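> model this:
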Amino acid sequence: MNYIQIAIDGPAGAGKSTIAKHLAKNLNFIYIDTGAMYRAITLKAMNLGIDLDDEREYDFVNETKFEFIDALLYMDDVDVSHEIRKPIISNNVSLVSSYFSVRKSLVEMQQIMAGKNDVVMDGRDIGTNVLPNAEYKFFLTASINKRAERRHIDNLERGIVSDPFKLEIEIERRDYLDTNRIHSPLKVANDAIRIDTSDLNIEQVVMLITNKVREEE
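Next up is the predicted model:
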């Protein structure tokens, strides 16, 4: 059986996760947040007390279990959906996700997930690396100011204290690291539809993508 794959890429704060989550619900697809998986590995590495700068210490990745249930991420049977959104994770995940061994292991897991279900998968290299043959590819972007504003609101809703100005600096740094990393850098797939979400709300973007998918079914 051939399953449908929808790849959504974009930089930090572009609204990928929220939009992908709503889209999956609209289409009755499984939602896979790959960024959350890298955040979870960062959390686990910090909990284990390993040297984050030493790629050789990430052997535990292959022994880690992931499961998405109702858009929540369970790592080793524990819901880590809230904890992985803390600033300390956001500030270290680019380093962890830059390691080839980490990316190789997680990409294999993600591809296995996508081979068993109709999926909406979001991240930074989905259309270019994880699901290069996806039927539908979208690249979401927005101004840094708008992305920082959204991240700030999201943090407040999660009970996390943040500063919009500092968030802009962090997002700029994240953009640089993600687009300049050696392995699977953030970039627009040649066959992806680019959508600037700066002046669009969640519902508008979800409807845009939903209509595009349904008109080609």
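
> residue ranges for the helices of the chain, please.
Remark: helices assigned in the chain by DSSP state H are 16-27, 34-48, 87-90, 93-97, 100-114, 144-157, 164-180, 202-215.

> Nearest to Leu73, out of these?
helix 34-48 (4.6 Å; Cβ to Cβ). Just so you know, the C-beta spots here come from the backbone N, C-alpha and C atoms, and that holds for glycine as well.

> Could I get the buried residue list for the closest one?
Thr34, Gly35, Ala36, Met37, Tyr38, Arg39, Ala40, Ile41, Thr42, Leu43, Lys44, Ala45 (16 or more other Cβ atoms under 10 Å).

> any idea which of those is closest to Val205?
The closest of these, once distances to Val205 are taken by Cβ to Cβ, is Gly35, at 17.3 Å.

> Test of understanding: give the bridge partners of the closest residue to the closest one other than its chain neighbours.
Nearest residue to Gly35 in three dimensions, chain neighbours excluded: Gly123, at 5.4 Å (Cβ to Cβ, 6 or more residues apart in numbering). Per DSSP bridges, the residues bridged to Gly123 are Asp9.

> ok, now which ones touch Gly123?
Neighbouring residues of Gly123 by Cβ atoms under 8 Å, 6 or more residues apart in numbering: Ile8, Asp9, Lys16, Asp33, Thr34, Gly35, Val130.

> farthest pair in the residues you listed?
Once Cβ to Cβ is applied, these give Lys16 and Val130 as the farthest pair, at 13.4 Å.

> could you dump the contacts of Gly123 to CSV with distance to Lys65 and pLDDT?
As requested, these are exported to CSV (distance: Cβ to Cβ, whole Å; pLDDT from 0 to 100):
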residue, distance to Lys65, pLDDT
Ile8, 24, 96
Asp9, 25, 95
Lys16, 24, 89
Asp33, 16, 90
Thr34, 16, 91
Gly35, 18, 89
Val130, 19, 94
